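J.: Please find the sequence and the predicted model below.
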Amino acid sequence: MTELLLQTCVNAVYASSFMALIAVGLMLIFGVMGVVNFAHGELFMLGAYCVVFVYADRDFPFFLAVMIGLVFVGVLGILMERALFRPVRDNPLAGLIASIGLLLMLQAAVAMGFGVRMEHINPPNQATFHPFGLEGVVVALQRLYVIIGAGVVLASLWVFLRRTRFGWALRACAQDPEAAALQGISINQTARLAMFIAAAMAGLAGALAAPLVRTYPYMGHSVIVTAFIVTIVGGLGSLGGAVTAAVLYGFVHTFVTTFSDGVIADIVGLLLMLLVLVARPTGLLGVRDRD
């Protein structure tokens, strides 16, 4: 029983790391740009398909394929900001509708290019190791890549936001864009940077997880639903809340899945969101509207 609990904790750390990458990016877009990006799950999907195309189909090294996916999706995020979200910056509803339209276009493009069948690729390293010195607890190295990658990226983002001039600009725009503009901060530049970082994080999550999941054009659906639950539980506008909620949701969902089933785990996740909103409408670490 002890080994099962420890193994479930290890699996929950993986699930939390994976979801934190996506949820923090989604929160960053909303915080800086005020856009609810429904196409964020499709950015995750594109990261996974970059690995399918570059690593599985073209035999490039796995980590090179991951970097290509990160850069490709990040650059796509810049194009999205310029062509899609910037023209409707003052109309959140139009931005939401535009993101839904982009979601459908990306799904159709991938379905036309790769087909709608599920793809499964072999991980670059199928070895495992035994943490805690217990033979019954194992971690696939591919899952360890996700955990380490998420930890490094999230820690780097924290340092970037707290210690660099561009990070201060992002935080200022998220808190009060009008005051930031009066101080000479370029709203367009910060929005572009935020979109690149957020998209790159989603692409990285998809690329690292590609060998662990079935890739298909509509795989972003479940990811974006979970990401919205995490961001709502964490509190809109709080990156720290998104990480905290990702850990909470990851552990709750993994434990319920292990000792019950996935459907019950999804229901419990929704109940968790409702309970948090009843007790604290702004979320765990959310802030009230600045207006």
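T.: Cool, got the structure.

J.: list the contacts for V66?
T.: Counting by C-beta atoms under 8 Å, 6 or more residues apart in numbering, V66 makes contact with 51, 204, 207-208. The way it works is simple: take the backbone N, C-alpha and C, and place the C-beta from them, glycine included.

J.: hang on, I meant V88
T.: By C-beta under 8 Å, 6+ apart, V88 lies in contact with 94-95, 98.

J.: Select from those residues every entry located in helices.
T.: Counting by DSSP state H, those place 94-95, 98 in helices.

J.: out of the residues you listed, which is most surrounded?
T.: Within these, most neighbours by other C-beta atoms under 10 Å means G95, with 23 neighbours.

J.: how close does that one sit to G237?
T.: Note on G95: its distance to G237, by C-beta to C-beta, to the nearest Å, is 16 Å.

J.: now do M219
T.: 28 Å.

J.: so can I have CSV of the contacts of V66 showing neighbour count, pLDDT and distance to L285?
T.: Converted to CSV, the contacts of V66 look like this (neighbours: other C-beta atoms under 10 Å; pLDDT from 0 to 100; distance: C-beta to C-beta, whole Å):
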residue, neighbour count, pLDDT, distance to L285
V51, 27, 92, 33
L204, 26, 95, 24
A207, 32, 93, 29
L208, 28, 92, 26
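
J.: Check what pLDDT G286 gets.
T.: We note a pLDDT of 69 for G286 in this prediction.

J.: and the helix or strand containing L70, how far from the chain's centre?
T.: If you go by DSSP states H and E, L70 is part of helix 62-80. Mean C-alpha position of helix 62-80 versus that of the full chain (C-alpha atoms, centre = their mean, to the nearest Å) differs by 14 Å.

J.: for stretch 259-269, same thing?
T.: Using C-alpha atoms, centre = their mean, the mean C-alpha position of stretch 259-269 is found 21 Å from that of the whole chain.

J.: Ok, stretch 160-169 next?
T.: With C-alpha atoms, centre = their mean, you get 21 Å for stretch 160-169.

J.: What of stretch 139-154?
T.: With C-alpha atoms, centre = their mean as the basis, stretch 139-154 stands 14 Å off its chain's centre.

J.: per-residue confidence averaged over that stretch?
T.: 89.

J.: same thing with stretch 60-74?
T.: The average pLDDT within stretch 60-74 is 93.

J.: in it, what's buried?
T.: Neighbour counts over stretch 60-74 (16 or more other C-beta atoms under 10 Å) mark 60, 62, 65-70, 72-74 as buried.

J.: swap in stretch 149-167?
T.: By neighbour count on 16+ other C-beta under 10 Å, the buried set for stretch 149-167 is 149-150, 153-154, 157, 161, 167.
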